[in-house]
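*Asks:* below: sequence and its predicted model.
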Amino acid sequence: MKKISEIKNLKDKKVLLRVDYNVPLEKKKASNGKYKMVVRDDTKIKETLPTINYLLEKGAKVILISHLGDPKGKIVKDLTMEPIGEALYKLLKEKMECTEIVKDNYPFDFIDKMAGGEVVLLENLRFNIGEEKNDTKFAKYLASLADIYVNDAFAVSHRDHASVSKITNFLPSYAGLLLEKEIEVLSKLLAKPKKPFVAVTGGAKISKKIGLIKNLLKKVDCLMIGGAMANNFFKAFGYNVGASLVELDKIIFVRKFLKNKKILLPIDLVVGDFDGKKGRIVQVSGSSENICEKNEAILDIGPETIKMYEEVISKAKTLIWNGPMGYFENTEYNKGSDEISRIIAEYSKKGLLSVVGGGETLSIIKKTGVATSIAHVSTGGGAMLEFLEGKVLPGIRPLIRQ
Ligand code: 3PG
């Protein structure tokens, strides 16, 4: 991997730093009574500070580029980088002389006037259609702004986009410190995990995690499944799952794994309706065909399942967790996810090497306040999953030394 520590002279060099500032935003009332977008969770921004500070200390001119949301080549007011710039200013102000946010167009003049040790944040890359199309012209255009390209955006490195992969054809390219850290931890996990190595996976869609399940089953000792993903297994066993989320076209895939001894499925569930008025616990037993009534859905794992998963986690030495255990946005159905986060944190304090990733999973550990106990919190959602599937990501491939 080509690392930024190998760049000999950064003084006054223009460094195009690709970050992932695709962070959750919310609307807030400003002092003038109008609503504006503000950053709700600045974790991803904070994670890039070591690379920014490293470059600034070496006297580089840092040009930050990121996407935000998916405006599909159009300028969308609520997806401007302005709130990100404000959050960044709060974090960096001591170190910056310049925090200008340049909108709409790419600012050759502005960058030319920057001094070494200054930083600028450019507008949302996906306002330009060339970004997601991996357009050569757009990549060349971005490259023409700088002398060096640094990728510190692990979370978007699974995308073959102009600012992620194509640009590396036109500038000397390196991995930032965050990208380096993510790759190091996740590679170690796949190559030499301390055993027992276990995984907890959940979330709404099994279709997004087929590759992950296949690859993890080759490596882990136990794969604990929760969330709507588990519904597909119950459906495949022939249970009546009522209005639960199921991907019928994935049942064939699931059938192949029904007898896999490494897979653990919930033994009890919380079922109810989506508005959370009547959650009830149901035991999953071979003698009953019904888990749900017609209008009910499976919305969380039950207390016996939490105990069973804790038993496995308590013996593990290495663990990966991605995806909620239920409909965690509703307080009636968040216990499974919250408890799993606390259990993982508790055993992490006792030496479990835990790696947690994915947007929803991160919001759970943030809410339960356990993030600091987790050994590695990955900034990547889809990127982490694809990395763990064993793929070489398009943003990482060009940085690997041949
Ligand atoms: C993420 O938040 O996972 C990354 O920023 C990638 O975003 P995308 O799924 O819109 O490409």
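*Replies:* Arrived safely, thanks for sending. Residues are numbered from 1 along each chain as shown.

*Asks:* let's see the pLDDT reported for the closest residue to the ligand within the stretch 301-402 of the chain.
*Replies:* Among all residues of the stretch 301-402 of the chain, G381 sits closest to the ligand, at 3.9 Å; criterion: C-beta to the nearest ligand atom. Just so you know, the C-beta spots here come from the backbone N, C-alpha and C atoms, and that holds for glycine as well. In the predicted model, G381 carries a pLDDT score of 89.

*Asks:* OK, contacts around it?
*Replies:* The contact partners of G381, by C-beta atoms under 8 Å, 6 or more residues apart in numbering, come to A155, G357, G358, G359.

*Asks:* got the phi and psi for the closest residue to the ligand within the chain?
*Replies:* Closest residue of the chain to the ligand, C-beta to the nearest ligand atom: N22 (3.3 Å). Per-residue torsions, N22: phi -80, psi 80 (degrees, to the nearest 10).

*Asks:* for it, give me the pLDDT.
*Replies:* The score at N22 is 95. That number is its pLDDT.

*Asks:* what's the local residue count around it?
*Replies:* 22 (other C-beta atoms under 10 Å).

*Asks:* so K27, which state does it fall into?
*Replies:* Under DSSP: H, G, I helix; E, B strand; the rest coil, K27 falls in the strand class.

*Asks:* show me what it is bridged to.
*Replies:* Here K27 sits in beta bridges with M37, going by DSSP bridges.

*Asks:* so what's it up against?
*Replies:* Per C-beta under 8 Å, 6+ apart, neighbours of K27: Y35, K36, M37, V38.

*Asks:* what ranges does the stretch 101-250 of the chain have for its strands?
*Replies:* Remark: strands assigned in the stretch 101-250 of the chain by DSSP state E, counting those that start in this stretch are 101-102, 119-122, 148-151, 173-175, 197-201, 222-225.

*Asks:* turn the ones you listed into TSV, columns for distance to the ligand, mean pLDDT and mean neighbour count.
*Replies:* Shown next, in TSV, are those (distance: least, C-beta to the nearest ligand atom, whole Å; pLDDT from 0 to 100; neighbours: other C-beta atoms under 10 Å):
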stretch	distance to the ligand	mean pLDDT	mean neighbour count
strand 101-102	19	46	18
strand 119-122	16	89	23
strand 148-151	13	98	26
strand 173-175	17	98	23
strand 197-201	17	97	25
strand 222-225	22	98	24
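
*Asks:* JSON lines for these, including distance to A371?
*Replies:* Listed next are the strands of the stretch 101-250 of the chain as JSON lines, based on distance: least, C-beta to C-beta, whole Å:
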{"stretch": "strand 101-102", "distance to A371": "28"}
{"stretch": "strand 119-122", "distance to A371": "25"}
{"stretch": "strand 148-151", "distance to A371": "24"}
{"stretch": "strand 173-175", "distance to A371": "24"}
{"stretch": "strand 197-201", "distance to A371": "16"}
{"stretch": "strand 222-225", "distance to A371": "21"}
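
*Asks:* for the protein, name the helix or strand with the lowest mean pLDDT.
*Replies:* In the chain, no helix or strand scores lower on mean pLDDT, DSSP states H and E than strand 101-102, which sits at a mean of 46.

*Asks:* just checking, I206 touches E247?
*Replies:* Yes - I206 lies in contact with E247 (C-beta atoms under 8 Å); the separation is 5.8 Å.

*Asks:* quick one, which of the two is more surrounded?
*Replies:* Between I206 and E247, counted using other C-beta under 10 Å, I206 has the larger neighbour count: 25 against 18.

*Asks:* list the contacts for that one?
*Replies:* Applying C-beta under 8 Å, 6+ apart, the residues contacting I206 are I213, A228, M229, N232, E247, K250, F253, V254.

*Asks:* and what of S373?
*Replies:* A345, E346, S348, K349.

*Asks:* do you know how far the residue of the stretch 301-402 of the chain closest to the ligand is from T361?
*Replies:* 8 Å (C-beta to C-beta, to the nearest Å).

*Asks:* which parts of the stretch 51-200 of the chain sit against the ligand?
*Replies:* Neighbours of the ligand within the stretch 51-200 of the chain, by C-beta under 6 Å from any ligand atom: D70, A155, V156, R159.

*Asks:* are any of the residues you listed buried, and which?
*Replies:* Those of those that meet the buried threshold are A155, V156, R159, by 16 or more other C-beta atoms under 10 Å.

*Asks:* quick revisit: would you list the contacts of S373 in JSON lines and tack on neighbour count?
*Replies:* Shown next, in JSON lines, are these (neighbours: other C-beta atoms under 10 Å):
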{"residue": "A345", "neighbour count": "20"}
{"residue": "E346", "neighbour count": "15"}
{"residue": "S348", "neighbour count": "21"}
{"residue": "K349", "neighbour count": "12"}
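
*Asks:* now for the closest residue to A243 other than its chain neighbours: which residues touch it?
*Replies:* If the residues on either side of it in the chain are set aside, A243 comes closest to A297, at 4.5 Å by C-beta to C-beta, 6 or more residues apart in numbering. Applying C-beta under 8 Å, 6+ apart to A297 gives the contacts V241, G242, A243, S244, L245, V271, G272, D273, F274.

*Asks:* between those, which is nearest L171?
*Replies:* Using C-beta to C-beta, L245 is the member of these that lies nearest L171, at 44.0 Å.

*Asks:* how much space between the closest one and V271?
*Replies:* 12 Å.

*Asks:* count of neighbours near the residue nearest to L248 when sequence neighbours are not counted?
*Replies:* Excluding the flanking residues, the one nearest L248 by C-beta to C-beta, 6+ apart is K235, at 7.8 Å. A count of neighbours around K235, defined by other C-beta under 10 Å, yields 19.

*Asks:* is it true that K235 touches I252?
*Replies:* No - here K235 does not reach I252: they are 11.5 Å apart, not a contact under C-beta under 8 Å.

*Asks:* without its sequence neighbours, what residue ends up closest to I291?
*Replies:* Leaving aside its chain neighbours, I291 sits nearest to Y239 (4.9 Å; criterion: C-beta to C-beta, 6+ apart).

*Asks:* local confidence estimate at that neighbour?
*Replies:* We have a pLDDT of 95 for Y239.
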